[in-house]
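A.B. asks: pasting the structure only:
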RNA sequence: GCGCCUGUAGCUCAGUGGACAGAGCGGCGGCCUUCUAAGCCGCGGGUCGGAGGUUCGAAUCCUCCCAGGCGCACCA
């Protein structure tokens, strides 16, 4: 740790550390919803009372007396069964405010930074991206942004299954349409097949280009694009390293010996053709050999069965299966006339990403797809989504950012770090500062839990506190103008960063 | 049958052991001569699917049950 660059813990951490020292146990500070319960509160006395063999309230009272001595504490009270409620000083709040800049809360994991690859979307080039792929992209990309912000070295990769049966079927479907023949069995239907048939292009090549364009438009910056063909070339060299056997005209991988539910077929003996799992194994090796500490797969719930076989593939190759992490999100269903159905590109039961974006825009679409927990299924009715997009909370948050930009357009003063802090702060000012000071923990936890939906929820609260402050108090021309400018600038930094972490723009005007 | 996920306000959802369970939307009622009313304030609204258990304390952890989604392919 001698040379490792430790980030300066923020004032909340320092306060928690001081209290931990007093309590002899790690103190976690929470923000009570009831203002009667102080600026911060901790249950440390309740938690440690059993070991100390002391009544919680008595312990809390001792802590309160000593906390009172800390210079950042204005008042400390015991409440309820043994909570310790704390009120902080104005000076402490001012210090908290001073820490907030454009990169506030970044680097939470930089002392344990890893090289991380996030593979996302990886939809077949057998049609445009669906809203299901959009959820994958929005979720995976936001996780990547969070990990990057936390200090990891993150690469995003997209894998094209451009050599499999689905793609052949897709190509055949377009050909059939062109020549007026019947669709092949289980072939692709839908308007976009007709449109493709009318173009003089190779359907797969065309879709590869379309998908790259759509991904970029959805603000996902893919570092590397891989194709099934290049991965399959690695299979042959890999085979000797695998635990295999032949049965029923197939070469199998003995994955069941490595934690999978069952063995997986690798190669069809009759013609030597690779089955899908062969490429999976080669791809796992490819990823881990490229030196990533962690390879994250972002998969829909319908691919849940993949977790075991991917980890088994890693284990069979002699890698630590912990280096494979699979993030599962629940599916997006489409709703039509009150009925829910699973998306199927093949059947033509589908809502495409471009349709959603045309109707509500990238900002509302990304917000909508991310603000639900990834464990929560989403039903989407595009017409309803369009109707409701005006009520999307994303505008509420963006509006706060734009309002601040409006204030700042009225002043010439540059950002000033030596701001004189008023002796007494207004309630809305205190609330806003405390809210902003939560951001480092929110961002760090969202990254650790792979849960970007915590960001929009928090952003709404910040906008809430800002709008209330804005409504009650003038900034420009007020007696404490410099201080309030610093406050709204800090709020703007945090809002802009929160929006950026989920790939949403922070407008200067609305 | 087995595995994973879900069930919280009229609707869509937050809340990974703490103080009376929260927000948005919808409903009702107020607030613009002042930095953007895409805003602010107020009112109403709940057997946290059900039953047991662990705990000083459970929406949260454990078990069982009910309901829904997704898997359990030589498709991806």
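C.D. replies: Done, it's in. What you see is a predicted model; the values in this text were computed from it and never measured.
A.B. asks: How many residues are close by residue A:252?
C.D. replies: For residue A:252, the neighbour count with other C-beta atoms under 10 Å is 21. Quick note: C-beta positions are derived from backbone N, CA and C, even for glycine.
A.B. asks: Now it: which helix or strand?
C.D. replies: strand A:250-253 (DSSP states H and E).
A.B. asks: by contact count, what packs against that strand?
C.D. replies: strand A:244-247, strand A:264-268 (3 or more C-beta pairs under 8 Å, 6 or more residues apart in numbering; DSSP states H and E).
A.B. asks: hmm, 10 Å instead?
C.D. replies: strand A:244-247, strand A:264-268, helix A:276-289, helix A:306-316 (3 or more C-beta pairs under 10 Å, 6 or more residues apart in numbering; DSSP states H and E).
A.B. asks: can you redo these as a markdown table with mean pLDDT, mean neighbour count and distance to RNA strand B?
C.D. replies: Shown next, in a markdown table, are those (pLDDT from 0 to 100; neighbours: other C-beta atoms under 10 Å; distance: least, C-beta to the nearest atom of the strand, whole Å):
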| stretch | mean pLDDT | mean neighbour count | distance to RNA strand B |
| --- | --- | --- | --- |
| strand A:244-247 | 92 | 12 | 8 |
| strand A:264-268 | 93 | 20 | 4 |
| helix A:276-289 | 95 | 21 | 3 |
| helix A:306-316 | 95 | 22 | 7 |
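A.B. asks: Tell me which residue of the stretch 401-510 of chain A lies closest to RNA strand B.
C.D. replies: residue A:406 (2.6 Å; C-beta to the nearest atom of the strand).
A.B. asks: Grab the nearest non-local neighbour of that residue.
C.D. replies: residue A:509 (7.4 Å; C-beta to C-beta, 6 or more residues apart in numbering).
A.B. asks: Which residue ranges of chain A form strands?
C.D. replies: A:40-42, A:73-79, A:83-88, A:115-119, A:153-160, A:224-227, A:244-247, A:250-253, A:264-268, A:294-300, A:324-329, A:332-336, A:339-342, A:378-380 (DSSP state E).
A.B. asks: circling back: closest one to residue A:131 among the helices and strands packed on strand A:250-253?
C.D. replies: The closest of the helices and strands packed on strand A:250-253 to residue A:131 is helix A:306-316. By C-beta to C-beta, the value is 21.1 Å.
A.B. asks: any idea of the angle that closest one forms with strand A:294-300?
C.D. replies: 160 degrees (axes from the mean of the first three to the mean of the last three C-alpha atoms, to 10 degrees).
A.B. asks: outside of helix A:306-316, which residues touch it?
C.D. replies: A:241-244, A:253-264, A:277, A:280-285, A:287-288, A:295, A:297, A:299-300, A:303, A:319-328 (C-beta atoms under 10 Å, 6 or more residues apart in numbering).
A.B. asks: distance between that helix and the chain's centre?
C.D. replies: Taking C-alpha atoms, centre = their mean, to the nearest Å, one finds the center of helix A:306-316 at 24 Å from the center of the full chain.
A.B. asks: Can you list the strands that the lowest-mean-pLDDT helix or strand in chain A pairs with?
C.D. replies: Across the helices and strands of chain A, mean confidence by mean pLDDT, DSSP states H and E is lowest for strand A:339-342: a mean of 76. Strand A:339-342 sits in its sheet next to strand A:332-336 (antiparallel), going by DSSP bridges.
A.B. asks: Find out how far stretch A:436-445 is from the centre of the chain, if you would.
C.D. replies: For stretch A:436-445, the distance to the chain centre is 14 Å (C-alpha atoms, centre = their mean).
A.B. asks: Any part of it near RNA strand B?
C.D. replies: Yes. Using C-beta under 7 Å from any atom of the strand, stretch A:436-445 reaches RNA strand B at residue A:445.
A.B. asks: Neighbours of residue A:431, how many?
C.D. replies: 20.
A.B. asks: Ok, the one 3 residues further on next?
C.D. replies: Under the neighbour criterion other C-beta under 10 Å, residue A:434 is assigned a count of 17.
A.B. asks: these two touch, right, it and residue A:100?
C.D. replies: No. Contact status for residue A:434 versus residue A:100: not in contact, 11.9 Å apart, counting by C-beta atoms under 10 Å.
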